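>>> Next one to model:
(2 chains)
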Amino acid sequence: MARGEGVVAQPRPKPIPRLAGWARKNALVAPTAVLTVVFFVVPLALVAVYSFGSVDPVSLDVGFGWTTDNYRAFASTLYLHSLLRSVFLSLGATAACAVLGFALAYFISRQPPRAQRLLLVAVIVPFWTSFIVRTYSWVDLLQNLGPIDRLAGTLHLTDSHISILYTPTAIAIGIIYSYLPLMILPIYVSLERIDASIYNAAADLGATPWRQFRRVVLPLAMPGVIAGSIIVGIPALGEYVIPEILGGGKTLMMGNILANQFQNTGNYPFGSALAVTLMGILMILLFVLRRKQPLGDVT
Amino acid sequence: MDITPDPEFTPQIALSRRALIRRAAIAAAALPAGAALLEGFAGTAAADETGQIVLNNYPGWIGKNELAAFAKKYPGDKVKMVTNATSSVAEVILQFKSGNFDVLLSDTTDSGQAAAAGLLEKLDWSKIPNIKNVSANFRKAYPWGIPTDYGKVGIAYRPDIVGEKITSWHDVWRLAPKFDGRVVFINLERDCLGSTLKYLGYSSNTSDAKQIDEAKKAVQKIKPHLQAFLNTNVGQGLVNGSTAIAMDWDYDVALLKQKQPKIEWVAPKEGMHAYLEGFSVAKDPDNIEVVEKFLNFALDPVQYADFVNTTGTAYVVPSASSHVKKYISTSPILKPTPAVLKRVEFDHYLGAKGTQLFDAAWQEVKAS
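Just a heads-up that it's a prediction; the model follows:
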């Protein structure tokens, strides 16, 4: 039989146009993409556009003369000091959250499954109460002649009063308390994924508990620590409710200046310039973190 | 100075009115999405139904029977109250511009700025004859609409802790180092710097850069001794004695005295800065006739007394006194003598330059 004899020629499948193929593959992502563009990218772009505008101080109408004055005004020492204060407080609170969060997450991950579930619910329960209410409750706890002050007095830990409320310490306590669960959860996820046999292997190879922790647990949990630090650090940097309530209005943070521009002064262009600058700083921090850890591991 | 608690007086709000508003403002600011939804809801409320107007007000800041009584007196006319009012200037101006509201509660500073921006409706006072019930000084200070209430910034203190009588702002500055960390100031630039300007012997409405700078330095000088600048529950620490002296609003002190009779109120001899609030009308309201009827109704002595009795505020319609609860009408804090009232200066809009000077000075105070 001659070659090809008796073989019915099959028509070659028509190639799908490249664009149509791409659209078909990404159709499911489309609704999310549209929502992201409309409700995230566009507003963000508007904020960036506003930051180059100017405002009529009486009618608060914004004009777009494309000025860089708002960015230049930010260079004043008043705002730079507030920015530095916010950065340091945010870094400090994030570090404290990481230490406390790691210890708690590690403890939870080493419990039996049923106890783990209960403890995780306990971590989340505070979120069932309003953030404002939880923050105000610290006013009662930390004030002089409040329960902590009285306890410290009874135990003769202080000569007079604790005088913590309305200080940067009170702000730090408020931030750590509010954001700690956001640190615990990603670290717990990282720790929970570690195969128990790895601990055994490390022990068999002669690693002490401390060495196991330092050389095995910590590196494997690092993606969770970085994710938690991002989730805590970003909102902490722009935090203004906690400084307002627990700082007693004496500690000016970046978030307070920003909120004041939008709520009281009505200087939206300057407020936008502050927001864009803050966003730029955060993006640099994220970039640095990404270089330390591939993003795929972080998220 | 003592006030005997009136058994018939039940505060309608556990917090002072401004305290409630500021907490709501913080909550709204923390939840911008929720605030946007509320704003959107308000927009739908402004639908142009015949005979309906939209009033933007603080929660609970109206006589408890007032709206029902209005609907009964004027069948077919309706006042829809939306509780989006705020004390943040920029937000108030935006609300005047939004077209969502016909009548808005706003103070002299906000209404002054709105008037300067051309956002207010000029009223025909012949349609609001009850405006004659308002004392002339309040009417003069709030010419854009109907004044509703006011609050003075004075001194509250605990004589049993301080050990001497306080009569002036000078006493506060003098005693602050002695009561280090037990002195509280108000966290609003016009009230705090305004009271400091009074301490220095200036008008609390000055636009003079030098005077504002002096006030800034005076607050910076006392700041290390301050426990806090507070927006809400300013004098709360006076109740348990953790605060010895407070710059505070009169209504707040009147409420606190119910809890702690040892607290004393002082109308400082240098004078007092004060706010004055009222209902102003946004440009081109949907139903100006209903707006006029409502404003006139709100100033009827019986209806106005309902508002005062509900809120416990200092009042501006003397003819309502006979209907006002004794607790309020006889309070030396809320109903000062004419001599004290003479020392009161209501805040007003300072124009772009004055406002910017105050803003800048306040930011420096907070950052120092």
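>>> Mean confidence (pLDDT) on the strand or helix carrying A:Leu286, please.
Using DSSP states H and E, A:Leu286 maps to helix A:268-292. The average of the pLDDT scores along helix A:268-292 is 86.
>>> interface residues of chain A facing chain B?
Chain A comes close to chain B at residues A:57-60, A:78, A:81-82, A:130-132, A:143-145, A:161, A:163, A:165-166, A:240-241, A:244-245, A:248-250, A:252, A:256-257, A:259-260, A:262-266, as judged by CB under 8 Å from any CB of the partner chain. Where C-beta positions appear, they are placed from N, C-alpha and C, glycine not excepted.
>>> can we see that at 6 Å?
With CB under 6 Å from any CB of the partner chain as the criterion, chain A comes near chain B at residues A:57-60, A:78, A:132, A:143-145, A:166, A:241, A:248-249, A:252, A:263-266.
>>> Which ones among these map onto strands?
Residues from the residues of chain A next to chain B lying in strands, with DSSP state E as the criterion: none.
>>> Just give the closest residue to B:Ser368, not the sequence neighbours.
B:Gln220 (5.0 Å; CB to CB, 6 or more residues apart in numbering or on different chains).
>>> For the strand or helix carrying the one you found, which residues meet the burial criterion?
B:Gln220 belongs to helix B:209-222 when elements are defined using DSSP H and E. Neighbour-count burial for helix B:209-222, counted by 16 or more other CB atoms under 10 Å in any protein chain shown, picks out B:211-212, B:214-216, B:218-219, B:222.
>>> for B:Ala215, what are its contacts?
When contacts are counted by CB atoms under 6 Å, 6 or more residues apart in numbering or on different chains, B:Ala215 touches B:193, B:196-197.
>>> And for B:Ala116?
Contacts for B:Ala116 (CB under 6 Å, 6+ apart) come out as A:Val58.
>>> Just the pLDDT for it.
pLDDT recorded at B:Ala116 is 96.
>>> Distance of it relative to B:Thr355?
Separation of B:Ala116 from B:Thr355 (CB to CB, to the nearest Å) stands at 10 Å.
>>> cool, and B:Arg174?
Separation of B:Arg174 from B:Thr355 (CB to CB): 31 Å.
>>> One more: B:Val162?
With CB to CB as the criterion, B:Val162 and B:Thr355 are 35 Å apart.
>>> what about those two, which has more around it?
B:Thr355 (22 against 17; other CB atoms under 10 Å in any protein chain shown).
>>> Compute the inter-axis angle for the strand or helix carrying that one and helix B:209-222.
Assigned by DSSP H and E, B:Thr355 belongs to helix B:351-367. For helix B:351-367 against helix B:209-222, the angle by axes from the mean of the first three to the mean of the last three CA atoms, to 10 degrees is 20 degrees.
>>> what are the ranges of the strands in the stretch 1-150 of chain B?
B:52-56, B:78-82, B:103-107, B:146-157 (DSSP state E, counting those that start in this stretch).
>>> burial of residue 255, as a residue count?
Just so you know, I chose chain A. Neighbour tally, A:Gly255, other CB under 10 Å: 23.
>>> should've been chain B
22.
>>> Got phi/psi on it?
Main-chain dihedrals, B:Leu255, degrees, to the nearest 10: phi -70, psi -40.
>>> elements contacting the helix holding B:Thr355?
For helix B:351-367, the packing partners by 3 or more CB pairs under 6 Å, 6 or more residues apart in numbering or on different chains; DSSP states H and E come out as helix B:209-222.
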